[in-house]
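Q: A predicted structure for the sequence below; I have some questions about it.
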Amino acid sequence: MTAARLSAFDKSPGRRRSVSLTPLVDVVFLLLIFFMLASTFLDNNAMTMLTPESDAEAVEQDDNVVEVRLIAGDRLNVDGEESRIERLAEMLKTRFRNNPALSVTVLVEETVPTQSLVSVLEAVKESGISSIVTAPVNSATGGEISP
């Protein structure tokens, strides 16, 4: 009887099956893609804003910034004075010669046609000023800058 037992242990077992790692690699790859697509990347664009305090006096106007406000009906205000788009380039050229650090802020009401904005931007470019900022304003709330 012992001989029969020994002979059972002496036999080499059949070929063992190897475990395939391909499905595991596929699952790990799919999880990697899922987490890459589901993650959010922070894009912190900060903009400094000057907000007046309730007891603060009016903010002084910066001499290096020209505020151009486009109003409905192709009207134009340059630093609070009524003007025309056709004269804007010459006016900015004169100011730019006196102050090379000049920049322009263009505030556009919602109802102003895009062509008027393009005409103002072309006039600013023609004057030689390279620092231009545009922002939409809400005419219904008294000209506050829209988000």
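A: Sure thing, it's come through.

Q: would you map the strands across this protein?
A: 65-71, 75-78, 81-83, 103-109, 132-138, 144-145 (DSSP state E).

Q: export these to JSON lines and tack on mean neighbour count and distance to residue 23?
A: C-betas here are computed from N, CA, C, even on glycine. Putting the strands of the chain into JSON lines (neighbours: other Cβ atoms under 10 Å; distance: least, Cβ to Cβ, whole Å) gives the following:
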{"stretch": "strand 65-71", "mean neighbour count": "20", "distance to residue 23": "62"}
{"stretch": "strand 75-78", "mean neighbour count": "18", "distance to residue 23": "68"}
{"stretch": "strand 81-83", "mean neighbour count": "10", "distance to residue 23": "72"}
{"stretch": "strand 103-109", "mean neighbour count": "19", "distance to residue 23": "58"}
{"stretch": "strand 132-138", "mean neighbour count": "14", "distance to residue 23": "54"}
{"stretch": "strand 144-145", "mean neighbour count": "11", "distance to residue 23": "56"}
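
Q: which of these has the lowest mean pLDDT?
A: Between the strands of the chain, the one with the least mean pLDDT is strand 144-145; it has a mean of 49.

Q: shouldn't residue 95 be in contact with residue 68?
A: No - using Cβ atoms under 8 Å as the test, residue 95 is too far from residue 68 to be in contact (11.4 Å).
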